[in-house]
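[1] Pasting a predicted model and its sequence here:
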Amino acid sequence: MSKFSGVIGYEITYEEPEYSGKWVTKTVKRNVHGEIIKRSRRLESEPKVNDNINISNQFSIVADPFAYAHFAEMRYLEWHGAKWRISDISVEYPRLLLTVGGVYNG
């Protein structure tokens, strides 16, 4: 298995303390380390100029307490200079298994 070191982006929504009822979304980036378990890619042809690139890579990361508390808010993983959308998360203590899909456009 290949080693992996990168960034995971979380979108955390919270209520503004000063304003009751106002909710704000904040993006938080955290560095992670782990391994690449599976590598694959697929081109999706649609009636447009360029094909969509989707990967189905699976990453096993060592999770810290923040990752366990906020794994539902994980949105993307930075790998090879691109942000990839996290499509599936499996909790297998002490690790999280992340499956990524297409390019993240958030």
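    Structure's in. What do you need? All values reported here derive from a predicted model rather than from experimental measurement. Residues are numbered from 1 along each chain as shown.

[2] So what's the residue count around Ile37?
    For Ile37, the number of neighbouring residues by other CB atoms under 10 Å comes to 15. The way it works is simple: take the backbone N, C-alpha and C, and place the C-beta from them, glycine included.

[3] Out of the helices and strands in the protein, which is least certain?
    strand 41-44 (a mean of 63; mean pLDDT, DSSP states H and E).

[4] chain center to whichever helix or strand comes after that one, what's the gap?
    Note on strand 41-44: by DSSP states H and E, the next helix or strand toward the C-terminus is strand 52-55. With CA atoms, centre = their mean, to the nearest Å as the basis, strand 52-55 stands 15 Å off its chain's centre.

[5] Partner strands of the very next helix or strand once past strand 52-55 and their direction?
    Per DSSP H and E, the first helix or strand lying C-terminal to strand 52-55 is strand 58-62. According to DSSP bridges, strand 58-62 forms sheet pairs with strand 23-38 (antiparallel), strand 95-103 (antiparallel).

[6] Any buried residues in strand 58-62, and which?
    58-61 (16 or more other CB atoms under 10 Å).

[7] Repeat that for stretch 98-106.
    98-100, 104.

[8] Alpha carbons of that stretch, in CSV - could you do that?
    The C-alpha coordinates for stretch 98-106 follow below in CSV (Å, rounded to 0.1, in the frame of the first residue of the first chain):
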residue,chain,number,x,y,z
LEU,A,98,-12.7,7.3,2.9
THR,A,99,-13.9,6.6,-0.6
VAL,A,100,-13.6,9.5,-3.0
GLY,A,101,-15.5,10.2,-6.2
GLY,A,102,-15.5,13.1,-8.6
VAL,A,103,-13.9,16.5,-8.4
TYR,A,104,-15.2,18.7,-5.6
ASN,A,105,-16.6,22.0,-6.8
GLY,A,106,-17.7,23.5,-3.4
